[in-house]
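Asks: Sequence first, predicted coordinates after that:
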Amino acid sequence: VHTRYNTSMILLPQPAQAIINSLQSAGFEAYAIGGSVRDLLTGKTTKGWDFTTNATPQDLLKIFPDSYCDNQFGTVGIKIRDGKNKDIVLDIYEVTTYRSEKGYTDHRHPDKISWGKTLSEDLSRRDFTVNAIAFDGKNIIDPYDGQKDLENKIIRTVGNPGDRFKEDALRLMRAVRIATEPGCTIDLQTFEAIKADVSLLSEISAERIRDEFLKLLASEFASDGIMLLKNTGILSLVLP
């Protein structure tokens, strides 16, 4: 896949690269994915690294003894410990097995999850193109031109926006939050789908909506985000 960024100038944090190296040494594929890669490519400070791999949760628990798996989605948490004092856990990085999903009765979680075999299969279920960029420290995999959208500051869904929002209605607010910065716009088709699907947020727990709203308020350009919430019709639902 064409790389628009000079990967030789982009470095993953040492603990993140170590996780990828360990999985590759064990014969598996592994990539950093999601918002942290998005921030890395645009030079922003990031934390909370996420990874995707073809290793199963059982494989991951064997490779990383200091890890745990406590949910049905196959996400394994790897503890990042202080180099000098191993009793101190600095962070937890999450690694999830490639997967495909079917059915979203509650418009938040998949009804059925199947382990996937390819990265492309996994990327196709992601929310936005700018979050569907995978990076292993050397190679960028970007089948949906997320790098181009990053450069142009456009937020668009992977595939049909109506489908993506019905899968997880919290993505409605996430689109606005990610777009809350100067010069950033939401793709017209994605924007129209947000307005059409606002009512889906009524099925999301108040706690999850609150968390997204507080993240938006904590951003540097929160007032722009509030206007976006208003223009999409979300604000009247969040703050009736």
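Replies: Looks like it arrived, so ask away. Since the structure is predicted, the reported quantities are computational estimates derived from the model, not experimental observations. Numbers count the residues shown, from 1 in each chain.

Asks: So which residue is dead centre in this protein?
Replies: For the chain, the residue nearest the mean C-alpha position is Gly34 (3.5 Å; Cα atoms, centre = their mean).

Asks: Now that residue: closest residue in space, sequence neighbours ignored.
Replies: Distances taken as Cβ to Cβ, 6 or more residues apart in numbering put Asp50 closest to Gly34, at 4.6 Å, once the chain neighbours are dropped. Yep, even glycine has a C-beta here, placed from its N, CA and C like the rest.

Asks: in terms of contact, does the one you found touch Glu94 like I think?
Replies: Yes - with contact defined as Cβ atoms under 8 Å, Asp50 counts as touching Glu94 (5.1 Å).

Asks: Could you double-check that the residue nearest to the centre of the chain sits in contact with Thr46?
Replies: No - judged on Cβ under 8 Å, Gly34 makes no contact with Thr46 at a distance of 9.8 Å.

Asks: Do a quick rundown of the strands in the chain.
Replies: 30-33, 50-53, 67-69, 75-81, 89-97, 99-102, 112-115, 134-135, 140-141, 154-155, 185-186 (DSSP state E).

Asks: need these in TSV with mean neighbour count, distance to Met173 and mean pLDDT, can you?
Replies: Converted to TSV, the strands of the chain look like this (neighbours: other Cβ atoms under 10 Å; distance: least, Cβ to Cβ, whole Å; pLDDT from 0 to 100):
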stretch	mean neighbour count	distance to Met173	mean pLDDT
strand 30-33	24	21	96
strand 50-53	23	19	95
strand 67-69	17	28	89
strand 75-81	19	22	91
strand 89-97	18	21	91
strand 99-102	15	20	68
strand 112-115	13	23	71
strand 134-135	24	24	96
strand 140-141	20	27	94
strand 154-155	22	12	96
strand 185-186	18	12	95
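
Asks: In a markdown table, list those strands along with distance to Gln24.
Replies: A markdown table is the format used below for the strands of the chain (distance: least, Cβ to Cβ, whole Å):
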| stretch | distance to Gln24 |
| --- | --- |
| strand 30-33 | 6 |
| strand 50-53 | 9 |
| strand 67-69 | 17 |
| strand 75-81 | 15 |
| strand 89-97 | 13 |
| strand 99-102 | 20 |
| strand 112-115 | 19 |
| strand 134-135 | 13 |
| strand 140-141 | 14 |
| strand 154-155 | 31 |
| strand 185-186 | 36 |
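
Asks: closest to Lys230 out of the ones you listed?
Replies: Closest to Lys230 of the strands of the chain, according to Cβ to Cβ: strand 185-186, at 13.5 Å.

Asks: The closest one pairs with which strands, parallel or anti?
Replies: Paired with strand 185-186 in the same sheet, following DSSP bridges, are strand 154-155 (parallel).

Asks: gap between Thr53 and Leu41?
Replies: 20 Å (Cβ to Cβ, to the nearest Å).

Asks: contacting residues for the closest residue to Pro161 other than its chain neighbours?
Replies: Once flanking residues are discounted, Pro161 sits nearest to Ala193: 3.6 Å by Cβ to Cβ, 6+ apart. Listed by Cβ atoms under 8 Å, 6 or more residues apart in numbering, the contact set of Ala193 reads 157, 161-162, 165.
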